[in-house]
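> Here is my input, please return the structure:
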Amino acid sequence: MPACNVQLLGAKKKILAGFSTATSQFRVGYVEQTEVFQTTPPTLKMRACRLVAAKSTLAAHVDSIRGDPSDKQGRAYREEIRKNIKKWQEPPPAKQPKPLPVPDSEPKKKRGGRRLRKVKERYAITDMRKLANRMQFGVPEESSMGK
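Now for the predicted structure:
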């Protein structure tokens with residue numbers, strides 16, 4: 001039997017008749033009654049349910065072929081489940097600051113084209129601006145300070 005079906009064993013189909021399904025728990029049956037599932041925080045319960053179902057399926061395979069007369073394999077599976085749940089509860093590692101790449105010294109080669117020429121033409125200094133910016137030599141200019 002696949003683990004997804006083991007997860008559903010013993011689950012009762014809830015008939016909510018139009019009510020919200022946000023608070024109800026689906027797809028949880030006998031697995032919900034395990035000690036590992038009960039001690040898991042609510043945010044991780046579905047992940048833990050999947051993990052317990054998968055490991056119990058593996059343990060059932062081992063039992064069916066009488067592969068492990070002592071219960072070492074089952075205990076190893078339980079410890080693996082507990083380690084995984086502990087690992088899920090740990091905060092994620094802090095992000096390391098990444099240094100900026102070394103800037104290129106030469107300017108990047110931009111491709112030309114009609115669009116680029118139009119942009120350059122739009123923002124280029126016109127002849128009227130050039131004439132307005134010219135200064136006469138030897139003639140004092142009025143400053144903006146009012147002096």
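> what about the chain, any weak spots by pLDDT?
Within the chain, the ranges that satisfy pLDDT under 70 run 14-28, 144-147.
> And the residue nearest the centre of it?
Residue closest to the average C-alpha location in the chain (C-alpha atoms, centre = their mean): residue 92, at 11.2 Å.
> show me what contacts it?
If a contact means C-beta atoms under 8 Å, 6 or more residues apart in numbering, then residue 92 has no contacts. All C-beta atoms are positioned from the backbone trio N, CA, C, and that covers glycine.
> Repeat that for residue 35.
So residue 35 contacts nothing (C-beta under 8 Å, 6+ apart).
> ok, 10 Å please
If you count contacts by C-beta atoms under 10 Å, 6 or more residues apart in numbering, residue 35 has them with residue 78.
> Tell me where the chain has helices.
3-8, 35-38, 45-64, 72-89, 114-123, 127-133 (DSSP state H).
> Which neighbouring elements make contact with the third one?
Using 3 or more C-beta pairs under 10 Å, 6 or more residues apart in numbering; DSSP states H and E as the contact criterion, the elements in contact with helix 45-64 are helix 3-8, helix 35-38, helix 72-89.
> Sounds good, over and out.
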